[in-house]
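Chemist: Provided below are the primary sequence and the corresponding predicted coordinates.
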Amino acid sequence: MSIPRLLPYGPRAVLVEYDTLDEVMGVTRSLDQAEWPTLVEVVPALRTVLVVHDGSGLPDEVRALLHAPPVGERPSHTRVEIAVSYEGPDLIEVADRCAMTVDRLIAMHSEAEYVVAFCGFVPGFSYLTGLPGPLHLPRRPTPRTSVPSGSVAIANEYSAVYPAATPGGWHLLGRTTACLWDDEREPPALLVPGTTVTFRPV
């Protein structure tokens, strides 16, 4: 593990750069558990954590934690099961590329347990870690101009659900009717960082 870089991010935030997602998840977990009164928000990403404070700066204990983060996935705040109709347009192609049957592909994807590592791209789009290694595929060489809302997809080491119709280059395995983003819900995102997610074939 290299030494993290702490970068000023305006008068009330620090952006911390790490080498691995495990470090990001470990420090985010610890900051959430400690509930430091001067911290306003902690926003994890793939290799960074944005730490927003109340303007009084970061306590020495927080700075020490940021410099030496524990490594490991965050414990789940909640568990969410998502019902999926595995009839995506890329299902057969993905099975062929992964050298397995469609039934085996569906079983492998749905039997895994995922954890939301971070969110991004569009509101409600959550990057789920835990995708089995045999299903790791790079993104499609040519993205689609529109991916239907509710599409359940994989790319690289992640799985995800498209919360709205957007362009996208992930492999589409199926579809869900679950609402991933609702402005009237608190929080609006169904899948926030730390949430454990499972998929149930229907």
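Modeler: Happy to help now that I have it.

Chemist: contacts and neighbour counts: CA atoms only from here.
Modeler: Noted.

Chemist: Report the residue spans of the protein with pLDDT below the cut-off.
Modeler: 1-2, 71-77 (pLDDT under 70).

Chemist: For the protein, just list every one of the strands.
Modeler: 5-8, 13-17, 39-44, 48-53, 79-84, 114-119, 126-129, 144-147, 151-155, 158-161, 166-168, 171-175, 196-201 (DSSP state E).

Chemist: now those in TSV, with mean neighbour count and distance to Glu184?
Modeler: Supplementary listing: those in TSV, determined by neighbours: other CA atoms under 10 Å; distance: least, CA to CA, whole Å:
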stretch	mean neighbour count	distance to Glu184
strand 5-8	14	33
strand 13-17	20	28
strand 39-44	18	21
strand 48-53	22	24
strand 79-84	16	19
strand 114-119	25	19
strand 126-129	25	19
strand 144-147	14	24
strand 151-155	23	22
strand 158-161	24	20
strand 166-168	15	21
strand 171-175	24	23
strand 196-201	19	22
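
Chemist: Of all these, which one is nearest Glu61?
Modeler: The minimum distance between Glu61 and these falls on strand 39-44, with 12.1 Å, by CA to CA.

Chemist: partner strands of that closest one, parallel or antiparallel?
Modeler: Here strand 39-44 is paired, per DSSP bridges, with strand 48-53 (antiparallel).

Chemist: Quick check: longest helix in this protein by residues?
Modeler: The longest helix of the chain (DSSP state H) is helix 21-34.

Chemist: For that helix, which helices and strands make contact with it?
Modeler: Where contact means 3 or more CA pairs under 8 Å, 6 or more residues apart in numbering; DSSP states H and E, helix 21-34 is packed against strand 39-44, strand 48-53, helix 60-67.
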